[in-house]
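Participant: Predicted coordinates and the sequence they were generated for:
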Amino acid sequence: MTQAAVATAAVTPLVELSDISIAFGGIHAVDRASIDLYPGEVVGLLGHNGAGKSTLIKILSGAYKRDSGTIRIDGEEATINNPRDAKAYGIETIYQTLAVADNVDAAANLFLGRELVTALGTLDDVAMEAKAREVMGRLNPNFRRFKEPVKALSGGQRQSVAIARAILFNARVLIMDEPTAALGPQETKQVGDLITQLKSEGIGIFLISHDIHDVFDLADRVCVMKNGQVVGTAKTDDVTKDEVLGMIILGKCPPGAVPGPGAMRE
Amino acid sequence: MADHDAISATRNTIDISGGNALVRFLKATELDTRLLGMIGALLLIWVGFHILSGGLFITPRNLWNLSVQTASIAVMATGMVLVIVTRNIDLSVGSALGFVGMVMGVVQVEVLPGILGFGHPFIWVITLAVGIVIGALIGAAQGSIIAYLKVPAFIVTLGGFLVWRGAAWWVTSGRTVAPLDPTFQLMGGGPDGAIGFAASWAFAAVACIGIGAYLYYARVQRKRFNFPLRPIWAEAALAAMGCGVVIAAVAVFNAYPWPTRIAARYAEANGIPVPEGGLFISHGIAIPVLMAIGVGVVMTFLSTRTRFGRYVFAMGGNPEAAELAGINTRWVTVKIFMLMGALVAIASSIATARLNASTNALGTLDELYVIAAAVIGGTSLGGGVGTIVGAMMGALVMQSLQSGMVLMGLDSPLQSIVVGLVLVFAVWLDTLYRNRAQ
C-alpha cells in the first residue's frame, strides 16, 4: 500500500456525526454536536448526568430521531430513523439499562429480532442455543445458565449477554453506555479486556461513561460534553485527567484539545 | 474443539443428583412444578365436589358436560394470554362474542339459505369464515388504536365492551335468531355434536403417537448439538403420563352414553334391534372440545415455536428492549388483537351453536371469566409470563367450580361470591410462589 493510500484510508472515519441537534420541548438536549470515530478506535464520551451523551448516542443507534445534522458511515450519508436501520449499518448498542428481555433465556435475548429459523419457518431453538453457547464461551467461559430467564443472572452475566448480542452479528461500530456501572472490579476488568480484544478486530467503539479513570484506561480519544454541546475532543495522551475534569466541570478547553461549540470563552 | 467435546461428554445427561425421590423425578423430567400444582388443585376441587355433591361430580356425564362448557372460555383464554403477556388487557371479548354471534346467526339463517338453499353443507363453514374475518377486523381496529394512537388498552377495550354490546343489539334490533343451521349446531356439542366411540379412540391413538414423536424429535435435536439429555426412564415416564391422560379422558367421554330416548329413536331409524336395558351409544369427544384442543395446540405452537410468539414474550418482559432490538412492536400488538378477535369468533360459534340461537346478551361477563382463567392459569398481569396450557387449565378450574356449585345446589349469588374469592386467593398463592421462586 502506498503512503497516499494509507493516508486516505486513515482519514475516512467509520462514523462521522456532524452538527447533530435534538430538542425535547424547548430543551436543547444536544446542540450542534460533532464527533467522529475511526476503525479500531475507542472514543470516550464524557460529561455530567444530563450533558447529552446518551441522547447523542441514541440518535446514532436509531432510538431517537435527530432534528438536524448529518450522519456519515464510511464517508457516505446514512439514513438512520429507527434501531433496525442502525443495525443494518453494523451499529450495535449496549444500553445502560442493558435492554434485555428479563423473562426469556440468554439465547432468546442474543437472537432477539434476528432469530434463526428452520426450513419450516419455526424457531430453531437448538441451533440458537448452540451458537449462544459458542459465543458466551468466548466471552465468559464460566457461563452455564442457558436455560434460565435472564433475570435470574448476576449483573456481570447479564452484561455478557448484552455484549454477546452486540458482537454476534459482526458489529462494526459498538456503542457502550456505562458498560461497567453495575459491575464489580473483577467483571469490570473482564469488560476492559473485551474492549481491547474488540478493538484489535477493527471495531470502532463509543464508550460513554462518567468515570474518568475507566475512560483514560481504555479510550484513545475523549470527547467531553456539557449542556448538550461538545466542549472539546482530545487524544488521551495529550491531556491530563485534571484537564479533562476541568472540561467536564467548567467547560474549559485545555491547549491539548480541539475546542467545540461548548468550550468556555475566555 | 477437543476440549469443548470433553466438556459435553461429561455433561450429556441432566444433573439430577441431590434431593429426595420426588425432587430427582422433577429434575429429570423437567416438568413445570406450577402446572403440576394446578393439576393437583384441579383434582382436589373435583374430589371435594364429588364428596360434597354426594357422588355426582366425577361421573362420565358431568365430566363430559364440563368439557363442553369449558370449551368457549378456554378458546378465548388462549388469546387473552398473549394480550396480558404484552401488558395489555381486552375487556371487549364478551361483547364482541355477542356481536359476532349475532352476525353469524343472521348470515347462516337469513342470508346464506337464500343463496345456497336451506341446509346446504357449506353454510356452516362460510358462516364461520365470516365470523373469523369480522372478529379479526374488530381486533385490528382496537389493536391499531392501542398500538399506533397510544390509547391504553384498558380504555380502548372498555369502549369496545360498550360498542360491541350495542352493536349486537343493533344487528336484529334485539330479536333472537334461532334455530341455527343444522351443521353449524354440531359445533355446540350434544349427542350429534360428538365424534363417537371409534373416532375417539382413533383420536387417542393419534395423540399418543404425536406425544411419542414429539419427545423423540426433541431428543434427537438435543443429541445433535450435544446438549444434556433426560434419562431414558424420565422420557418414558413423560410419554406414559401424557398418553395416560389422553386415554383416561377418552375412556370417560366414551363411557357417557346417549340419552335412552335419542338412542332408541336412532335405533328405530337405522333398524338396529334394541337390547335388554337400552342401547349403549357412546358420545365420545365433543366437537367443541376438539376445537378447543386444536386451538390450544396451534396457539402453543405459535407462542413457543414462532418468531411472533418470541416477540410477544420479549415485549412483555421489556417493551423498550424489544423496540431497541428492532422488533416492530406496534405491528405485533395489532396482530395479537387480531388473533384475539379471530378466537372470539371461534368461541362465539361454539357458544351460539350450543345454545342453538344467537342472542344479543350472549357472552355477557365472559371477558371477566376469560381474564380470570388466564390469570388463574399463571398469566402475570405484570406481563411477560404465561402459558397457553395454563390458561386452558384455568378455564377448566373456573368451570369446575361453577359446575360443582350447581351440583351442590348453591344459590347463584353465592356462586359468584365463591368464584370471586377463589380468583383472589389463586392470584395470592401465585404471588407467594413467584416471590419464593426469585
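Facilitator: Yep, that arrived.

Participant: Kindly report the residues of the stretch 151-266 of chain A close to chain B.
Facilitator: By C-beta under 8 Å from any C-beta of the partner chain, no part of the stretch 151-266 of chain A sits against chain B. (C-beta placed from N, C-alpha, C; glycine too.)

Participant: And the strands in the stretch 151-266 of chain A?
Facilitator: In chain order, the stretch 151-266 of chain A shows strands spanning A:173-177, A:204-208, A:221-226, A:229-235, A:258-259, with DSSP state E, counting those that start in this stretch as the criterion.

Participant: Check which helices and strands the last one sits against.
Facilitator: Spelled out, it's strand A:258-259. Based on contacts counted as 3 or more C-beta pairs under 8 Å, 6 or more residues apart in numbering or on different chains; DSSP states H and E, the elements that strand A:258-259 packs against are strand A:229-235.

Participant: chain center to the strand it packs on: distance?
Facilitator: In this view, strand A:229-235 has its centroid 17 Å away from the chain centroid, taken as C-alpha atoms, centre = their mean, to the nearest Å.

Participant: List the neighbouring strands of it plus their orientation.
Facilitator: Based on DSSP bridges, the strands next to strand A:229-235 in the sheet, each with its direction, are strand A:221-226 (antiparallel), strand A:258-259 (antiparallel).

Participant: one step back: from the strands of the stretch 151-266 of chain A, which stretch is densest packed?
Facilitator: With neighbours defined by mean count of other C-beta atoms under 10 Å in any protein chain shown, none of the strands of the stretch 151-266 of chain A is more surrounded on average than strand A:221-226, at a mean of 27.

Participant: Give me the residues contacting that strand.
Facilitator: When contacts are taken as C-beta atoms under 8 Å, 6 or more residues apart in numbering or on different chains, the neighbours of strand A:221-226 outside the stretch itself are A:33, A:35, A:41-48, A:51-53, A:56, A:215-216, A:230-236, A:239, A:244, A:247-248, A:251, A:262.

Participant: among the strands paired with strand A:229-235, which gets the worst mean confidence?
Facilitator: When those are compared on mean pLDDT, strand A:258-259 scores lowest, with a mean of 86.

Participant: Tell me where the stretch 101-250 of chain A has helices.
Facilitator: Defined through DSSP state H, counting those that start in this stretch, the helices belonging to the stretch 101-250 of chain A, from first to last, are A:106-110, A:125-139, A:155-168, A:185-200, A:212-218, A:241-250.

Participant: So for the second one, mean pLDDT?
Facilitator: The average pLDDT within helix A:125-139 is 85.

Participant: which parts of that helix are buried?
Facilitator: Taking 16 or more other C-beta atoms under 10 Å in any protein chain shown as the neighbour-count basis, helix A:125-139 is seen to contain the buried residues A:D125, A:V126, A:A127, A:M128, A:E129, A:A130, A:K131, A:A132, A:R133, A:V135, A:M136, A:L139.

Participant: One more: the fourth one?
Facilitator: Residues of helix A:185-200 classed as buried: A:E187, A:T188, A:Q190, A:V191, A:L194, A:I195, A:L198, A:K199 (neighbour count, 16+ other C-beta under 10 Å).

Participant: between that helix and strand A:173-177, how big is the angle?
Facilitator: With axes from the mean of the first three to the mean of the last three C-alpha atoms, to 10 degrees as the basis, helix A:185-200 and strand A:173-177 are set at 160 degrees to each other.

Participant: Give me the angle between helix A:185-200 and strand A:204-208.
Facilitator: Between the axes of helix A:185-200 and strand A:204-208, defined by the same axes, to 10 degrees, the angle is 150 degrees.

Participant: Helix A:185-200 vs helix A:155-168, what angle?
Facilitator: On the basis of the same axes, to 10 degrees, helix A:185-200 is oriented at 10 degrees to helix A:155-168.

Participant: Report the distance from helix A:185-200 to the chain centre.
Facilitator: Put simply, helix A:185-200 sits 14 Å off its chain's centre (C-alpha atoms, centre = their mean).

Participant: ok, and what's touching that helix?
Facilitator: Counting contacts by C-beta under 8 Å, 6+ apart, the residues outside helix A:185-200 that touch it are A:40-42, A:139-140, A:155-156, A:159-160, A:163, A:167, A:174, A:176, A:179-180, A:183, A:205, A:207, A:214, A:217-218.

Participant: re earlier: switch the strands of the stretch 151-266 of chain A over to CSV; also include distance to B:L362.
Facilitator: Conversion of the strands of the stretch 151-266 of chain A to CSV gives the following (distance: least, C-beta to C-beta, whole Å):
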stretch, distance to B:L362
strand A:173-177, 53
strand A:204-208, 57
strand A:221-226, 62
strand A:229-235, 64
strand A:258-259, 74
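
Participant: looking at those strands, which is closest to B:T157?
Facilitator: Closest of these to B:T157 is strand A:173-177, at 36.5 Å (criterion: C-beta to C-beta).

Participant: what about the closest one, distance to the chain center?
Facilitator: Put simply, strand A:173-177 sits 1 Å off its chain's centre (C-alpha atoms, centre = their mean).

Participant: Render the CA-only coordinates of it in CSV, please.
Facilitator: In CSV, the C-alpha atoms belonging to strand A:173-177 read as follows (Å, rounded to 0.1, in the frame of the first residue of the first chain):
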residue,chain,number,x,y,z
VAL,A,173,-19.5,0.1,15.5
LEU,A,174,-20.2,-0.7,19.1
ILE,A,175,-21.8,1.8,21.4
MET,A,176,-21.4,1.1,25.1
ASP,A,177,-23.4,3.2,27.5
